[in-house]
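Peer 1: sequence and predicted structure are below.
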Amino acid sequence: MTTGLVLSGGGVRGIAHIGAIKALEEHGIVPSHIAGTSAGAIVGALYAGGCTWQEILDFFKKTELFSLNNYAKGKPGFLDTEKFYDHSKTYLPHNSFDSIKIPLYITATNLLDGTLHTFHNGELIKPILASAAVPGFFAPVQMADGYFVDGGTLNNFPVDLIRAQCDHIVGVYVNPFAKVDIKDLNHVTKVLERAYQVMVTHETSRKFKDCDLLIRPMNMDKYGIFSFRAIDKIFDLGYRATQEALKNSSISMNLI
């Protein structure tokens, strides 16, 4: 029996994926395939590369996102995405899809021709960084004939990449969506984030039915995509949501 793990984008909310991985492991569930976008691509790559959930959590805690050294100069973004390359290579030293333990599929959006690209072989770290490059905040990543940003722009929940290869799919979706008030949209970052939510929710919700076990942590709307001070709380939400989903699902026993 093969089990695919699909991890959505969501910025720092993606730390809930790590809590989900911990809970799945406690139930003896280890994926045979992983597909991820944006934050899900980062978590998925680290996990596929052999990092423990503790090491993946450590990666995020040691990521100095808004360090002055990371601000972009002469690039279209607040942060220079490629300045996170060295930190990533510490955890993925071989920098190759061929070196990882679990088959991995991640997405990124090519701004030049407006297409979605799936990365599954070759160099690993640049595609990860591209997949997580939220437009407007992170500078696009140039690779070969493309100029890439967040894969969530076109596919924020890439169930389709591994559905045919797996007997079961476990999906972890960490993006909240509920009606908001005008007063909640009082800053440019909040407007950009809300627009992103509207766009991806429409495309994503249709894929929920393709998951044999769908995990959607509650109360994620309390945290923004850059809420690094809430790392431990977000991790716990992912862990508890997964424990609850496994307890209440008749499907979960078939995943072991």
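Peer 2: It's in.

Peer 1: so what's the residue count around G77?
Peer 2: 17 (other CB atoms under 10 Å). Any C-beta I mention is one placed from the backbone N, CA and C, and that applies to glycine too.

Peer 1: for it, give its distance to L154.
Peer 2: For G77, the distance to L154 (CB to CB, to the nearest Å) stands at 19 Å.

Peer 1: repeat for K126
Peer 2: 18 Å.

Peer 1: next: A130.
Peer 2: For A130, the distance to L154 - CB to CB - is 13 Å.

Peer 1: settle it for me: which of those two has more neighbours?
Peer 2: A130 (30 against 20).

Peer 1: ok, and that one, which helix or strand is that part of?
Peer 2: Secondary-structure assignment from DSSP states H and E places A130 in helix 125-131.

Peer 1: now for that helix, which elements pack on it?
Peer 2: Judged by 3 or more CB pairs under 8 Å, 6 or more residues apart in numbering; DSSP states H and E, the packing partners of helix 125-131 are helix 39-48, helix 85-91, strand 104-110, strand 141-143, strand 146-150.

Peer 1: tell me the pLDDT of the closest residue to K207 other than its chain neighbours.
Peer 2: Spatial nearest neighbour of K207, excluding adjacent residues (CB to CB, 6 or more residues apart in numbering): V159 at 4.6 Å. On pLDDT, V159 comes in at 97.

Peer 1: who touches V159 in this structure?
Peer 2: By CB atoms under 8 Å, 6 or more residues apart in numbering, the residues touching V159 are 4, 6, 35, 169, 171, 207, 210-211.

Peer 1: so of those residues, which two are at opposite extremes in space?
Peer 2: Pairwise distances across these peak at 12.4 Å for G4 and K207 (criterion: CB to CB).
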